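Chemist: just coords:
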């Protein structure tokens, strides 16, 4: 069934959109990532103009994150104080990020920069996560599950402004989460995504939070970041396509529910290894686009160049 | 009178009777296209006849060309090149007015139906219709970029060349069917009809098709432009409600 999108001004298959929404929503519920880094390229692929894909993708991520976070709340797997601290850092970071993005756009070559950032970050995060969780998985298989220390003490624990994060079982300074939030917010604004795929590993490896809490907390803060992004896009560029968003959302919220059901049945190491594979796959795809000779050397961009 | 004499002769030569007495009369099956949510393209029938007050002159047959042109917008065409091992956009040109849709239909091959000079004057073929309007670039091979634009848009069915697709009966009645694709941009579409003989344009007329979004499409589009804040908040509310709804529904199912 074809449907005409009022803002994007293209006609697309409605079931295809439901499928994309469902698939990305499933992964979102499973891993606690918003799915922006998947949905935006997928929308490009089916012919939605880039600016509309980015803005509407953010809107869909709001919905699937809400759906996912509610499922996590029931499981008491959301660390609200931690989420709030990360969010505060994130908003500051994304404000700077938006500004840098605008400066890069004016200088040209922003596409290339975004692609390179994607490859570097996704590749790095994916590989480290993969190696770490593969090791953890091997270890647990060998000895039948040794006691895993949630985190190790290091310089981080000497910092002031300590705060108790009960759900995470942490008593640490608010400075590291603020910094992590700011860094993720900055990158998210530049890459046009919610930043879950950076946030999740950062919470696990940099802050030492338990994986089960990480997913809910990540989703919680993604809601606010993407809601902010959606609103900004709608106001400044009129690029949110509501009809497109609704179709993606209907698929997405259902997918997210299934994802979190499946996620609850998997071990933390298995979840991490799957997420790392997904991240590596996306990084690999973007890297190939940069390296392989394209079929079409020319591309069209509607509108006037600066 | 001394000045008017030669002028009158020149006028008479230019306004030769062979060209004067053949005119196009034409109509469209519809001059309004409504884009609704389930819009999946539209077929426009352009029909007409040749009106003459004398028998057709000469031996060369008449030919008909029909063009349909969507609203124009500026577009940038970029070219990728390999730099330091990766493919990056290097050169680009700016085309000030590229039509969002362009179709040319004719009674025969374009090089027979239309001469180069007439094409230049009326900007009928795809290449002329696009490169006619100003391009701004520093690259030397701008025509490669125009070719690429034509190639990409043709692949997406936005540009169409339909040589020999017009039915022309008894050198009098003609009919052209032009399909508008589902990916249609809102605006006024210009329809041009040309009557040619030996590659020279004998007569031409213009019609318009008004393409408008309607119903839900119209409401959403207007809201997004006129009340962007409300539109944005509404989008978010839908997202929140859908997220909450799905979660609540699943709780019920699992119980």
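Modeler: Perfect, I can see it now. Predicted, not measured: the structure shown is a model, and the values here were computed from it.
Chemist: Let me know the average pLDDT across stretch A:202-213.
Modeler: Averaged across stretch A:202-213, pLDDT comes to 81.
Chemist: Would you mind measuring the gap between the ends of that stretch?
Modeler: 13 Å (Cα to Cα, to the nearest Å).
Chemist: That one: how far from the chain's middle?
Modeler: Between the mean C-alpha point of stretch A:202-213 and the mean C-alpha point of its chain there is a distance of 15 Å (Cα atoms, centre = their mean, to the nearest Å).
Chemist: Quick check: residues of the stretch 151-300 of chain A near chain B?
Modeler: A:227, A:230-231, A:233-235, A:238, A:240, A:242-243, A:245-246, A:249-250, A:253-254, A:256-257, A:289-294, A:296-300 (Cβ under 8 Å from any Cβ of the partner chain). Quick note: C-beta positions are derived from backbone N, CA and C, even for glycine.
Chemist: all strands for chain B, in order.
Modeler: Along chain B, the stretches classed as strands by DSSP state E are B:22-28, B:32-35, B:42-52, B:62-69, B:72-83, B:86-99, B:102-106, B:135-137, B:159-162, B:167-169, B:173-180, B:187-197, B:200-213.
Chemist: Give me the most central residue, chain B.
Modeler: residue B:69 (2.0 Å; Cα atoms, centre = their mean).
Chemist: ok, now how distant is that one from residue B:127?
Modeler: Distance check for residue B:69 against residue B:127: by Cβ to Cβ, to the nearest Å, it reads 14 Å.
Chemist: ditto for residue B:220
Modeler: Remark: distance between residue B:220 and residue B:127 (Cβ to Cβ) = 37 Å.
Chemist: Can you list the buried residues in stretch B:237-247?
Modeler: Of the residues in stretch B:237-247, those buried by neighbour count under the rule 16 or more other Cβ atoms under 10 Å in any protein chain shown are B:238, B:239, B:240, B:242, B:243, B:245, B:246, B:247.
Chemist: Sorry, wrong one. I was asking about stretch A:88-100.
Modeler: Residues A:88, A:89, A:90, A:91, A:93, A:94, A:97, A:98 are the ones in stretch A:88-100 that count as buried (16+ other Cβ under 10 Å).
Chemist: Of the buried residues of stretch B:237-247, which belong to helices?
Modeler: The members of the buried residues of stretch B:237-247 that map onto helices under DSSP state H are B:238, B:239, B:240, B:242, B:243, B:245, B:246, B:247.
Chemist: near chain A too, which of those residues?
Modeler: Of those, the ones that also sit near chain A (Cβ under 8 Å from any Cβ) are B:238, B:239, B:240, B:242, B:243, B:245, B:246, B:247.
Chemist: what does the stretch 1-150 of chain A put close to chain B?
Modeler: A:1-4, A:6-7, A:9-11, A:47, A:59-60, A:62-68, A:70-71, A:74, A:109, A:111-112.
Chemist: please redo it, this time with the cut-off set to 6 Å
Modeler: The stretch 1-150 of chain A comes close to chain B at residues A:2-4, A:6-7, A:9-11, A:59, A:62-63, A:66-67, A:70, A:112, as judged by Cβ under 6 Å from any Cβ of the partner chain.
Chemist: and the two most separated of these?
Modeler: Using Cβ to Cβ, those reach their maximum pairwise distance at A:70 and A:112, which is 38.8 Å.
Chemist: who has more neighbours, the two?
Modeler: When residue A:70 is set against residue A:112 and neighbours are counted by other Cβ atoms under 10 Å in any protein chain shown, the residue ahead is residue A:70, at 23 against 16.
Chemist: List the contacts of the more buried one.
Modeler: Shown in contact with residue A:70 (Cβ atoms under 6 Å, 6 or more residues apart in numbering or on different chains): residue B:247.
Chemist: so which helix or strand takes in it?
Modeler: Residue A:70 belongs to helix A:50-74 when elements are defined using DSSP states H and E.
Chemist: Provide the secondary structure category for the closest residue to residue A:20 other than its chain neighbours.
Modeler: Closest residue in space to residue A:20, ignoring its immediate chain neighbours: residue A:42 at 5.2 Å, by Cβ to Cβ, 6 or more residues apart in numbering or on different chains. The three-state label given to residue A:42 by DSSP: H, G, I helix; E, B strand; the rest coil is helix.
Chemist: Surely residue A:42 touches residue A:21?
Modeler: No. The pair residue A:42 and residue A:21 does not pass the contact test of Cβ atoms under 6 Å, sitting 9.6 Å apart.
Chemist: the more surrounded of those two?
Modeler: Between residue A:42 and residue A:21, counted using other Cβ under 10 Å, residue A:21 has the larger neighbour count: 30 against 20.
Chemist: Count the residues that sit near the closest residue to the more buried one other than its chain neighbours.
Modeler: The shortest distance from residue A:21 to any residue other than its chain neighbours is 2.7 Å, reached at residue A:251 (Cβ to Cβ, 6+ apart). In terms of burial, residue A:251 registers 25 neighbours under the definition other Cβ under 10 Å.
Chemist: What is the helix or strand containing residue A:251 packed up against?
Modeler: Of the helices and strands defined by DSSP H and E, residue A:251 is found in helix A:242-265. Helices and strands touching helix A:242-265, by 3 or more Cβ pairs under 6 Å, 6 or more residues apart in numbering or on different chains; DSSP states H and E, are helix A:14-31, helix A:50-74, helix B:228-254.
Chemist: what about residue A:113, is that helix, strand or coil?
Modeler: Of the three states, residue A:113 takes helix under three-state DSSP.
Chemist: which one is it nearest to, not counting chain neighbours?
Modeler: Leaving out its chain neighbours, the residue that sits closest to residue A:113 by Cβ to Cβ, 6+ apart is residue A:104, at 5.7 Å.
Chemist: Could you dump the strands of chain B into a markdown table with distance to residue A:38 and mean pLDDT added?
Modeler: A markdown table is the format used below for the strands of chain B (distance: least, Cβ to Cβ, whole Å; pLDDT from 0 to 100):
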| stretch | distance to residue A:38 | mean pLDDT |
| --- | --- | --- |
| strand B:22-28 | 45 | 87 |
| strand B:32-35 | 30 | 88 |
| strand B:42-52 | 34 | 89 |
| strand B:62-69 | 38 | 91 |
| strand B:72-83 | 24 | 83 |
| strand B:86-99 | 22 | 81 |
| strand B:102-106 | 35 | 92 |
| strand B:135-137 | 36 | 60 |
| strand B:159-162 | 32 | 90 |
| strand B:167-169 | 49 | 88 |
| strand B:173-180 | 33 | 91 |
| strand B:187-197 | 34 | 91 |
| strand B:200-213 | 30 | 90 |
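Chemist: among those strands, which is nearest residue A:214?
Modeler: Comparison of the strands of chain B against residue A:214 by Cβ to Cβ identifies strand B:86-99 as nearest, at 33.6 Å.
Chemist: May I see the buried residues of that closest one?
Modeler: Here strand B:86-99 shows B:86, B:87, B:88, B:89, B:91, B:92, B:93, B:94, B:95, B:98, B:99 as buried, counting by 16+ other Cβ under 10 Å.
Chemist: cool, and stretch A:7-15?
Modeler: If you call a residue buried by 16+ other Cβ under 10 Å, then stretch A:7-15 has these buried ones: A:7, A:8, A:9, A:10, A:11, A:12, A:14.
Chemist: Give the closest residue to residue B:154 in space, chain neighbours not counted.
Modeler: residue B:160 (7.2 Å).
Chemist: Quick check, that neighbour in contact with residue B:104.
Modeler: No. Using Cβ under 6 Å, residue B:160 is not in contact with residue B:104; the gap is 7.2 Å.
Chemist: Since that was my last question, I'll sign off now.
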